[in-house]
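Q: show me how the following folds:
(2 chains)
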Amino acid sequence: MRLSDLPKGAAAVVDRVDDAQANDPIAQRLRDLGFVAGEPVRLVAQGPLGADPLLIQIGSTRFALRRSEAARVAVRLKEQEAA
Amino acid sequence: MSAGTLRIALVGNPNCGKTALFNQLTGGRQKVANYAGVTIERKEGRFTAPSGRVLQLLDLPGTYSFDVTSPDERITRDVLEGNYPGEAAPDLIVCVADATNLRLHLRFVLEVKRLGRPVVLALNMMDTARRRGITIDVPELQRRLGLPVVETVAVKRGGVRALIAQVDGEMPTAAPAQPDDAASRAGLHAQVRELMAATVVMPRATAQVDDALDRWALHPVFGLAILAVVMFLVFQAVYSVGKPITDAIGDGFDWLGAQAAALLPAGPLQSLVTDGLFGGLGTVLGFLPEILVLFLFILVLEESGYLPRAAFLLDRVMLSVGLTGRSFIPLLSSFACAIPGIMGTRSIQDPRDRLATILVAPLMTCSARLPVYALLIGAFIPARHVLGAFNLQGLVLFALYAAGILGAMAVGWVIKRIRRDRSEHALLMELPSYRLPHPRDVAIGLWERGSIFLKRLTGVILSLTVLMWFISTFPSPPAGASGPAIEYSIAGYLGRGLQYIFGPLGFNWQISLALIPAFAARETAVAALATVYAVGGEGGDLGQALTAHVSLASALSLLVWFAFAPQCMSTLAVIRRETNSWRNVAISFGYMFAVAYVASLLTYQIARWLT
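A: Numbering: from 1, shown residues only, chains lettered A, B, ... in the order given. The predicted structure follows:
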């Protein structure tokens, strides 16, 4: 599952960040910002138009990512946390 | 007592409170300049430590990682590594980290440590951390990192005492330098996790107040409504607080000019002093209050953490026309005046997005266009109601504002189509915690903006104003000449020459002539038209004079011209300043001239055909 497919409020765990092209600087920046395997993330809010950009919480930090940026991040849904 | 100065560099992630720390340490003793050849700010300050040693502090741009993605991050890295030309490597690095956001910030601390230079870690915002129940085992963190760690509260008096004592004391030994490669970078996160697990206890990942505020501020409906109210208040403040002071300054300079005129013999010298010097200075200084009011709001919004929220809400719309959510505030500022707007694009880190914003900013309807709009609309558009409720004059004014916005969107879209760099540029924007703006930081920020504006623009605007005065005064009319004096001046000849260009748009020579001073400042077109028609023997009301000599089609064409034309040379001067390139000035001037010409030509020809 991609971070961009996460339903609102859902929590997940980062699997990996995929490069959209060779030496993708955006993917590298995402990794530098802490999007690495095992890191818990949550979709906090979505932009008012086309639900874009996404507000992702990772650790104590909230990042606004456009959908195309969030699509680089593969995540696993945390089932229990939804309840 | 030790001799010589100690050079300290301040680094940290964006939003770590580094600037507040810098302000607390150095107070007003700061020097703001640019790095050579780029428009990235270089801030330097100094203070004297209790030992009597002078400490020289360099505030480097906020950085997430040394794997640089923007020019300011490159500067930070190069300065720290001692590779920046003309900048000596710092003796000591103070790395600032937000104690409430260590998971993100510690990673950069580890990167800095790998440079192999003496580093001190300042755990900033310790007061907020304590309030949120976050406990940090500082001695353990210090042991594991192998760096001195001090707690700071940058916004409180005395909150940096421990840091001063640390940097004033014995120099910490540097960790061995480590190579910076992909494999070792990947390990940094694991190290951060270990450090966090061993030294930090956080009851909650985020502040409750942030979550509560964001539920409203980022709500698809209420969020946009709140943004609209904030925008409205900013506008109101600029007009109701800034504008009267601006007018008062203009009047004050007129009065000073009149006093000077009384002292000087009539002649070119008198006219230079009153019209050129005082008129010109008045115009430049007149911008200042509006700029200060605007920047006061921008600084408060920035410090409070709201601006990135506004950018979040509007990013999608802006992206569709080749801009970014971050373009919003500079463009909003441009409704007051394009100069602070273009200066405000400094908050856009991506150079491509920044340039696109600078290019469209002058299309926003600035306050200097209003006097011209008011004159022409008042004279030519009948004050009747259409569709029951709408005032036709108001509708035309609204249409002109809309034309500016739609024009900017169209231009942004075209830039997006034609630029060679089609790569994806990221938003990747951190939404920091909400904070109460600190008066000292706001005041220092205002002081900086104001002095930059004055220093940079007085020279250019003043010299061009004097030039404008010169060409409208010389040569003097021959003895016995009947027409207005300006008709015989260089500007007069230019005006008639310009008519070959502007004739097809329906402009007579008087209007063409008025476009020359309008290039110095748009609103002077009104005064210039008044002079030409008054001295030409019409007298009476300028509106009546215009309706007698100018057709409706010409008036509409002139309105459209003012909406799009590259008019104000201060704006072009600030584009040159901010982009450090004459090419961008030429592009701005060229495209706006072309758009204005075509739009006015169409307006004139269609309106003439219809009436």
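Q: tell me how far stretch B:77-96 lies from the chain's centre.
A: Remark: stretch B:77-96 is offset 27 Å from the chain centroid, using C-alpha atoms, centre = their mean, to the nearest Å.
Q: do the same with stretch A:55-69
A: On C-alpha atoms, centre = their mean, the centre of stretch A:55-69 falls 6 Å from that of its chain.
Q: in the chain, which spans are strands?
A: Looking at chain A here, since you left the chain open. With DSSP state E as the criterion, chain A has strands at A:11-17, A:40-49, A:52-58, A:61-65, A:73-77.
Q: actually chain B
A: Using DSSP E, strands in chain B cover B:5-12, B:30-34, B:41-48, B:54-59, B:92-98, B:119-124, B:135-136, B:149-151, B:200-201, B:385-386, B:390-391, B:429-430.
Q: take these and lay them out in JSON lines including distance to residue B:607 and mean pLDDT.
A: C-beta here means a position set from N, CA and C on the backbone, and glycine is covered the same way. Below are the strands of chain B laid out as JSON lines (distance: least, C-beta to C-beta, whole Å; pLDDT from 0 to 100):
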{"stretch": "strand B:5-12", "distance to residue B:607": "59", "mean pLDDT": "92"}
{"stretch": "strand B:30-34", "distance to residue B:607": "47", "mean pLDDT": "70"}
{"stretch": "strand B:41-48", "distance to residue B:607": "48", "mean pLDDT": "87"}
{"stretch": "strand B:54-59", "distance to residue B:607": "55", "mean pLDDT": "92"}
{"stretch": "strand B:92-98", "distance to residue B:607": "59", "mean pLDDT": "96"}
{"stretch": "strand B:119-124", "distance to residue B:607": "62", "mean pLDDT": "96"}
{"stretch": "strand B:135-136", "distance to residue B:607": "71", "mean pLDDT": "96"}
{"stretch": "strand B:149-151", "distance to residue B:607": "70", "mean pLDDT": "95"}
{"stretch": "strand B:200-201", "distance to residue B:607": "70", "mean pLDDT": "94"}
{"stretch": "strand B:385-386", "distance to residue B:607": "17", "mean pLDDT": "78"}
{"stretch": "strand B:390-391", "distance to residue B:607": "20", "mean pLDDT": "78"}
{"stretch": "strand B:429-430", "distance to residue B:607": "45", "mean pLDDT": "90"}
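Q: residue B:172 is nearest to which of those?
A: strand B:119-124 (6.2 Å; C-beta to C-beta).
Q: the closest one close to chain A?
A: No: Strand B:119-124 stays clear of chain A (C-beta under 8 Å from any C-beta of the partner chain), getting no nearer than 14.1 Å.
Q: orientation of that strand relative to strand B:5-12 in degrees?
A: On the basis of axes from the mean of the first three to the mean of the last three C-alpha atoms, to 10 degrees, strand B:119-124 is oriented at 50 degrees to strand B:5-12.
Q: among the strands of chain A, which is the most enclosed?
A: Neighbour counts (mean count of other C-beta atoms under 10 Å in any protein chain shown) averaged over each of the strands of chain A peak at strand A:61-65, with a mean of 25.
Q: show me what it is in contact with.
A: For strand A:61-65, the surrounding residues in contact (C-beta atoms under 8 Å, 6 or more residues apart in numbering or on different chains) are A:3, A:30, A:33-34, A:44, A:53-57, B:101, B:103-104, B:206, B:210, B:214, B:308, B:311-312, B:315, B:325, B:427-431.
Q: list the neighbouring strands of it plus their orientation.
A: Neighbouring strands of strand A:61-65 in its sheet, by DSSP bridges, are strand A:52-58 (antiparallel), strand B:429-430 (antiparallel).
Q: ok, the residue lying closest to residue B:334 once chain neighbours are set aside - contacts?
A: Spatially, and ignoring its direct neighbours in sequence, residue B:334 is nearest to residue B:341 (3.2 Å; C-beta to C-beta, 6 or more residues apart in numbering or on different chains). The contact partners of residue B:341, taken as C-beta under 8 Å, 6+ apart, are B:330-334, B:361, B:364.
Q: which of the residues you listed fall within helices?
A: B:330-333 (DSSP state H).
Q: least confident pick among the residues you listed?
A: Confidence by pLDDT is poorest for residue B:333 among those, given 78.
Q: run the chain-centre distance for stretch B:400-415.
A: 19 Å.
Q: near chain B, which residues of chain A?
A: A:20, A:25-26, A:28-34, A:36, A:39, A:44-50, A:52-53, A:55, A:57, A:59-66, A:68-69.
Q: chain center to stretch B:312-330, what's the gap?
A: With C-alpha atoms, centre = their mean, you get 16 Å for stretch B:312-330.
Q: quick one: closest of the strands of chain B to residue B:439.
A: strand B:30-34 (16.6 Å).
Q: closest approach to chain A from the stretch 251-400 of chain B, which residue is it?
A: As assessed by C-beta to the nearest C-beta, chain A sits closest to residue B:316 within the stretch 251-400 of chain B, at 4.2 Å.
Q: OK, contacts around that residue?
A: Applying C-beta under 8 Å, 6+ apart, the residues near residue B:316 are A:47-50, A:52-53, B:325.
Q: one step back: put together a markdown table for the strands of chain B, with mean neighbour count and distance to residue B:262 on each row.
A: Formatted as a markdown table, those follow (neighbours: other C-beta atoms under 10 Å in any protein chain shown; distance: least, C-beta to C-beta, whole Å):
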| stretch | mean neighbour count | distance to residue B:262 |
| --- | --- | --- |
| strand B:5-12 | 21 | 53 |
| strand B:30-34 | 14 | 41 |
| strand B:41-48 | 17 | 45 |
| strand B:54-59 | 20 | 49 |
| strand B:92-98 | 25 | 58 |
| strand B:119-124 | 26 | 58 |
| strand B:135-136 | 16 | 70 |
| strand B:149-151 | 21 | 63 |
| strand B:200-201 | 14 | 72 |
| strand B:385-386 | 10 | 49 |
| strand B:390-391 | 13 | 44 |
| strand B:429-430 | 20 | 57 |
